[in-house]
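K.L.:
Next come a sequence and a model predicted from it.
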Amino acid sequence: MQKRQFCTFRIADRLFGVDILDVKEVNPEIGFTPVYHAPKEVLGYVNIRGRIHLILDLRLLLGFESRHLDETSRVVLFKPHAGESFGVLVDRIGDVADVDETQIEERRKNDQGPPEGHERRISDLGIGVCKLKDELMVILNSKLFLKHI
Amino acid sequence: MTGLSDEQIIHVKKEGLGESIPSSSGFRIPASEFRRVDETRFIPDLTSHTESESRLIAEADETRNISGAAPEEQTDALKSPMPSEKLPAPRSPESLPVPETAAGTEECHEPDVSDESPADLSNTVRIHVDILDKLMMLAGELVLVRNQQLLSAETADAAARSVVQRLDIVTTELQETIMRARMQPIGKIFRKFPRIARELGKKHGKEIRIALVGSSVELDKSILEALADPLSHLIRNCCDHGIETPGERLLAGKSGQGLISLSAYHEAGHINIEIRDDGRGINPDAVRRKIIENRLKNPAELDRMSDEEILNFILLPGFSTAEKVSDLSGRGVGMDVVKTGIEKLGGTLDIESAPGKGTAIHLRLPLTLAIIPCLIISLGEHRYAIPQINLVELVCLYDDDVRTKIETADFQEFYRLRNRLLPMVRLSEILARSLPFTREVRAGITEKYRNACSTATDMQLNFAVLKVGALRFGLIMDRVLGTEEVVVKPMHSAVKSLKIYSGATVMGDGKVALILDAEGIARHSGIMADAHPASEERAEEVNNEDDIQTLLLFRYGEKEQFALSLPLIRRIERIKTSAIEEVGEKEFITVSGISVRIIRPDQVLKVSPGVERDEMFLILPKYIRKPVGLLASALVDIEESAVDLNIDSYMEDGLLGTAVIRDHITLFPDICRLAEKSEPEWFAKRPETSESSFRSAKQVLLAEDASFFRQLVKGYLESEGYKVITAENGRTALDRFNENRFDLIVSDIEMPVMNGWDFIRTVRKGSNIPAVALTALDSEKDRKTAKDCGYDRYEVKIDREHFLTTVARLLEVGSGK
């Protein structure tokens, strides 16, 4: 039985997860330098230990409303194989979830017609869902984030 | 994971790295990755640094690196005839057996380009560019840590301080050494040129040899890559335009084989590259013909231009002197692209050519692109960097000027900077709109600020004058913070399409600042597209250039505004009024060791008394041999203006006249006369014995088109007691000359209708009257022409003393005859 680990976080009180092998680090640095003219999902640049990262607003990527930053806001930075130095802003960071492969329910394509609104965006970026102890975690494919701005 | 390409590998001299890493104990050697390399003791495993952050991730990375590296090396080995396994040490790019190079007998190789000696080989290791970039990044982080440490060390004790100082030195050296590791020899791009030249030569029936000098000169990898295209264009140019066919060459007395020499050398932190051919050179007359055909300049302007200036026209877009379009060149897109390419790298390009002998093109480039000097500005709470290479000057307007100096024309704001219309671009508006400006948008912005300006009070407006090629524009921002050398990081690929940025950088406090791209901003704002009217306006300016004076506007009393022509001023000193000393009724001040007699305008002219300030300005004039200075209470501005001096409405001894400048009547003091009025005894000794009655009998004909100078010179002459009759050009001067009897002619050279040369030639047909040429041009060639045409003397316009002495001498000689 194959075990997988996911880095979890919350957006609009819903639980999401990305493969921990894609994640470089989680950082509380949220002093972004805006890049005007960039697509609206681009929050701006941030310097993390000498390296410049482009930060995306995951709320907008998933079709939610943007939200002001607060003390629980974090950026999740990804490793180079997920895309050129970038990260996403999340509302609140969660635990690492250990999951069996078998628990993951792969996304089925177009079984009930195209979903609407942010559900559609989530299905664009998602791999599937996984049932944890008391809630569902939507698993996102971090490699798709940069492609969807 | 992409495989390693040869391009990504940099060969590093082993000592280089050995130096930079003080101790090898902290590093593991990933033996598998470098298993074919026996000398890798100093290769650090950098992933161990990040262990604390995320151990398992680092390990995953490492395995990928290894699996990526190994197969690639094998394919390399297959490609090259010599299996890499047998090499005792990694190969350098030069040692790769390139078939053409090996087979070629024509090209001349410098010893240092040819294959490296075995000793050199064993001293190099192969390093992936990624590792170098990471090293660079870590060094950057170390710099940030060091900076924080430096701050805290200010309060620490001496022992701690010395440790921090050592950290400081080591960090700087580490950074420099890693920078050096990114350097690659220029021979890497040089070595493909002999083949290009040979192929082109064969195709066009020419024999071309390329000589390479300085192939070992090292350049930053990124510059090297960007240099390849411009250089090959220049080489193609040499082959096509420069080198003649063997027949033509033999006829011209040269050897049948053409030589292109390509050399590179270091000089003062820059790399110089010279491409020189011994071909036919660029014919300046052909360029002149093209200029006239394309109506870029009129023939009169061309006559005044030197051959070097003419040559620079070939750098304009769409300019080609080739008679016919060939597959190589002649399409007019070429030199301008090369020039833009070189300038983008922060370099310069110069052309030198001798017809029949050859052409040389000099390129001057910075060693590295990674660090460039920038102007740091702010808009709102964010900072931006503008590369210094685009910056011309900074201008700050206050209060009323903000309202009145920014003019609007149609849909664009302009500022009149020294009589040239400068389109203004507001950075805030640029950033706020992601689509390129349309006319409506521009009109809207213009309207918005026109309304805002007319109501607001107590304002300040900062802008930087930027240049993009020939275009200049003003970029309005909030504040100028200063200049800084910044480390340039490329834009993220997701936002690379945004043309208004050229990169990003990390500032000292750790925040990211974006580097603005002046060209992108000019395009975005739409001013790039309407750059043509500006060139027309410039042409207009040239036409009445003679009348334009650069004036210093200043005040002394509360009421009057004064103006002095800038060429008459040696310099301006800021003085403390407390330092003024009095001797009798005269005031003196010591300026750089010399006591200077102070002239107060209200002592010599009927003007309002001076405003007493702690600090005042002393204007030191040129062309007066005694140390005098005119006192001013405030400097208003420097203004370029077409001056039409009025001598009718208000006139006084010591004034040249008045003119309306910026809606104020402005007095033009004759500083020579003022000095004479205040210190008559200094000027009494002019070397002439003539009585003033003798002088008044003398009549001088003055031909001068610029009214300002006409007034100035007339004033000089009249103050000496001569009678002066003036004319605006050679034709009227000739009429006056035939109507009256004169003792002396003083004539300008450049005048409309009939110039000074033609005028004196006509006069000389029937008269030997003494004549002085008076001109702004002071060149040996003009002196000679003046003599040849019949002028007795040649004087530069504003040297009053010298001019009057000459006049007096000529008149004496004339009367003596």
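P.N.:
All right, it came through fine.
K.L.:
list the contacts for the residue lying closest to residue B:299 once chain neighbours are set aside?
P.N.:
Taking Cβ to Cβ, 6 or more residues apart in numbering or on different chains, and ignoring the residues beside it in sequence, residue B:299 has residue B:292 as its nearest neighbour in space, at 6.4 Å. For every residue, glycine as well, the C-beta is placed using N, CA and C. With contacts defined as Cβ atoms under 8 Å, 6 or more residues apart in numbering or on different chains, the neighbours of residue B:292 are B:298, B:299, B:302.
K.L.:
Buried only: go through those for me.
P.N.:
In terms of neighbour count (16 or more other Cβ atoms under 10 Å in any protein chain shown), the buried residues within the contacts of residue B:292 are residue B:302.
K.L.:
Do a quick rundown of the helices in chain A.
P.N.:
A:58-61, A:117-125 (DSSP state H).
K.L.:
quick revisit: quick one: the residue nearest to residue B:299 is in a strand?
P.N.:
No - with DSSP: H, G, I helix; E, B strand; the rest coil as the criterion, residue B:292 is located in helix rather than a strand.
K.L.:
Name the helix or strand of chain A that has the lowest mean pLDDT.
P.N.:
Among the secondary structure pieces of chain A, namely its helices and strands, helix A:117-125 has the lowest mean (mean pLDDT, DSSP states H and E), a mean of 69.
K.L.:
Now do the strands in chain A.
P.N.:
Using DSSP state E, the strands assigned to chain A run over residues A:3-11, A:14-19, A:23-27, A:42-48, A:51-57, A:74-78, A:86-90, A:92-100, A:104-106, A:126-131, A:136-140.
K.L.:
most packed of these?
P.N.:
Across those, the average number of neighbours (mean count of other Cβ atoms under 10 Å in any protein chain shown) peaks for strand A:86-90, which reaches a mean of 25.
K.L.:
starting at the chain centroid, how far to stretch B:235-243?
P.N.:
In terms of Cα atoms, centre = their mean, to the nearest Å, the centre of stretch B:235-243 is found 28 Å from the chain centre.
K.L.:
For the closest residue in space to residue B:664 that isn't next to it in sequence, the count of nearby residues, please.
P.N.:
In space, not counting the residues next to it along the chain, residue B:664 is nearest to residue B:561; the distance is 4.7 Å by Cβ to Cβ, 6+ apart. By other Cβ atoms under 10 Å in any protein chain shown, 18 other residues sit near residue B:561.
K.L.:
contacting residues for residue B:561?
P.N.:
Applying Cβ under 8 Å, 6+ apart, we find residue B:561 in contact with B:553, B:554, B:555, B:636, B:661, B:662, B:664, B:665, B:666, B:667.
K.L.:
Make JSON lines out of these and add distance to residue A:26, secondary structure and neighbour count.
P.N.:
Formatted as JSON lines, the entries for the contacts of residue B:561 read as follows, by distance: Cβ to Cβ, whole Å; DSSP: H, G, I helix; E, B strand; the rest coil; neighbours: other Cβ atoms under 10 Å in any protein chain shown:
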{"residue": "B:553", "distance to residue A:26": "62", "secondary structure": "strand", "neighbour count": "20"}
{"residue": "B:554", "distance to residue A:26": "63", "secondary structure": "strand", "neighbour count": "23"}
{"residue": "B:555", "distance to residue A:26": "64", "secondary structure": "strand", "neighbour count": "20"}
{"residue": "B:636", "distance to residue A:26": "60", "secondary structure": "strand", "neighbour count": "18"}
{"residue": "B:661", "distance to residue A:26": "65", "secondary structure": "strand", "neighbour count": "19"}
{"residue": "B:662", "distance to residue A:26": "62", "secondary structure": "coil", "neighbour count": "13"}
{"residue": "B:664", "distance to residue A:26": "66", "secondary structure": "strand", "neighbour count": "15"}
{"residue": "B:665", "distance to residue A:26": "72", "secondary structure": "strand", "neighbour count": "14"}
{"residue": "B:666", "distance to residue A:26": "68", "secondary structure": "strand", "neighbour count": "22"}
{"residue": "B:667", "distance to residue A:26": "72", "secondary structure": "strand", "neighbour count": "22"}
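K.L.:
Would you point out the most distant pair within those?
P.N.:
Distance extremes for these: the farthest pair is B:554 and B:665 at 14.5 Å, using Cβ to Cβ.
K.L.:
which regions of the stretch 1-150 of chain B lie under the pLDDT threshold?
P.N.:
Across the stretch 1-150 of chain B, residues meeting the criterion (pLDDT under 70) sit at B:1-121, B:144, B:147-148, B:150.
K.L.:
make it 50
P.N.:
Segments of the stretch 1-150 of chain B classed as low confidence (criterion: pLDDT under 50) are B:1-7, B:15-116.
K.L.:
Confirm that residue B:441 sits in a helix.
P.N.:
Yes - membership of residue B:441 in a helix is supported by three-state DSSP.
K.L.:
Look up how far residue B:313 lies from the closest residue to it other than its chain neighbours.
P.N.:
Beyond its immediate neighbours in the sequence, the residue positioned closest to residue B:441 (Cβ to Cβ, 6+ apart) is residue B:433, lying 6.6 Å away. Separation of residue B:433 from residue B:313 (Cβ to Cβ, to the nearest Å) stands at 37 Å.
K.L.:
Would you mind telling me which of the two has more residues around it?
P.N.:
For residue B:433 against residue B:313, the residue with the higher neighbour count under other Cβ under 10 Å is residue B:313, and the figures read 21 against 15.
K.L.:
distance of that one from residue B:335?
P.N.:
10 Å.
K.L.:
burial of residue B:637, as a residue count?
P.N.:
With neighbours defined by other Cβ under 10 Å, the count for residue B:637 comes to 11.
K.L.:
The nearest residue to residue B:716 once chain neighbours are set aside: neighbouring residues, count only.
P.N.:
Nearest residue to residue B:716 in three dimensions, chain neighbours excluded: residue B:800, at 5.4 Å (Cβ to Cβ, 6+ apart). Number of residues near residue B:800 (other Cβ under 10 Å) recorded here: 25.
K.L.:
Residue B:800 contacts residue B:675, doesn't it?
P.N.:
No - taking Cβ atoms under 8 Å as the contact criterion, residue B:800 and residue B:675 are not neighbours in contact, 10.0 Å apart.
K.L.:
what residues are shared contacts of those two?
P.N.:
Common neighbours of residue B:800 and residue B:675 (Cβ under 8 Å, 6+ apart) are residue B:624.
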